[in-house]
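Participant: Sequence first, predicted coordinates after that:
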Amino acid sequence: APALSDLGFDILGLANNHSYNYGKQGLESTRRYIGSAGMLYYGDPFNKDEISTIIIKNGIKIGFIGFHEFNYTNFENVLYEITKLKSEVDVIIVSPHWGIEYQKYPTTKMKEWAHQFIDNGADIVVGAHPHIVGDTEIYNDKKIYYSIGNFAFDQYFSEDTMKGLAVLINIDRKDDEISFSFEDIPVRVDRGGVKVVNK
């Protein structure tokens, strides 16, 4: 955790299928390590506790909400959290952990969920889990990244799993209007580390 903080990470998501690998004690210690390193976390492997957090950057309040597909419970908690935060923040980013490994295209359920997130107030959806970069979509003028692939992971067996995507999101406010611009930054992960790929 201190190393991640030193690299510049501020917030980590815990809504995924590995956060509970060492049970409740492991999840609680992970949360403690993140907090003691000066970072925030959000998301829960059961979509139950501490599924969101709020930060303020340059006067803009941003809410982060996690969703983990693979326990197949408490989806309504995520929708409720979006609705609740909508009155508290300027921007909501939902990061779902979902989909089928090594499949670029979203499932019907992923599309349905992403649209529900946006219909309930999310501004941006940035997904992960398939281990490869997936499709994107614009829905009701909102951006959806179905999978940004691997960032730091030891899957060196194919070109697709060694490619990832970092997303730079610029948020601008003029008067009461919020606008977004996106820059997709391809990355490559191999045994030498993570590198930005020249465009």
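Facilitator: Arrived safely, thanks for sending. Numbering: from 1, shown residues only.

Participant: In this protein, what residue spans correspond to helices?
Facilitator: Per DSSP state H, the chain carries helices over the ranges 2-7, 23-36, 75-86, 108-119.

Participant: Just the buried positions in the second one, please.
Facilitator: Within helix 23-36, the residues that qualify as buried are Leu27, Thr30, Arg31, Ile34, counting by 16 or more other CB atoms under 10 Å. C-beta: built from backbone N, CA, C; applies to glycine.

Participant: before we move on, the earlier item: for the helices of the chain, give me a markdown table that also has distance to Ala15.
Facilitator: Shown next, in a markdown table, are those (distance: least, CB to CB, whole Å):
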| stretch | distance to Ala15 |
| --- | --- |
| helix 2-7 | 17 |
| helix 23-36 | 11 |
| helix 75-86 | 9 |
| helix 108-119 | 13 |
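
Participant: now for those, which one comes closest to Gly192?
Facilitator: Nearest to Gly192 among those is helix 2-7 (16.3 Å), distances taken as CB to CB.

Participant: which residues in the chain form strands?
Facilitator: 11-13, 40-42, 52-57, 60-68, 91-97, 124-126, 136-139, 142-145, 163-174, 177-190, 193-196 (DSSP state E).

Participant: rewinding a little: take the buried residues of helix 23-36 and write them to TSV, including distance to Asp44.
Facilitator: Formatted as TSV, the buried residues of helix 23-36 follow (distance: CB to CB, whole Å):
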residue	distance to Asp44
Leu27	8
Thr30	11
Arg31	10
Ile34	13
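
Participant: residues near Gln155, how many?
Facilitator: The number of residues packed near Gln155 is 15, by other CB atoms under 10 Å.

Participant: any idea how far it is from Lys143?
Facilitator: Using CB to CB, to the nearest Å, one obtains 26 Å as the distance from Gln155 to Lys143.

Participant: wait, Phe64 sits on Thr53?
Facilitator: Yes: taking contacts as CB atoms under 8 Å, Phe64 lies within contact range of Thr53: 5.5 Å.

Participant: ok, now how distant is the residue nearest to Asp172 when sequence neighbours are not counted from Asp90?
Facilitator: Leaving aside its chain neighbours, Asp172 sits nearest to Ser179 (4.9 Å; criterion: CB to CB, 6 or more residues apart in numbering). Relative to Asp90, Ser179 is positioned 11 Å away (CB to CB).

Participant: Return every residue with contacts to both of those two.
Facilitator: Ile171, Arg173 (CB atoms under 8 Å, 6 or more residues apart in numbering).

Participant: Between these two, which is the more surrounded one?
Facilitator: Asp90 (17 against 9).

Participant: Tell me the predicted confidence for the residue sitting furthest away from the middle of the chain.
Facilitator: When distances to the mean C-alpha position of the chain are computed (CA atoms, centre = their mean), the maximum falls on Asp175, with 27.8 Å. With respect to pLDDT, Asp175 scores 88.

Participant: end to end, how far does stretch 31-45 reach?
Facilitator: Taking CA to CA, to the nearest Å, stretch 31-45 runs 12 Å from one end to the other.

Participant: whoops, I mixed them up, stretch 6-24
Facilitator: Length of stretch 6-24, first residue to last, CA to CA: 27 Å.
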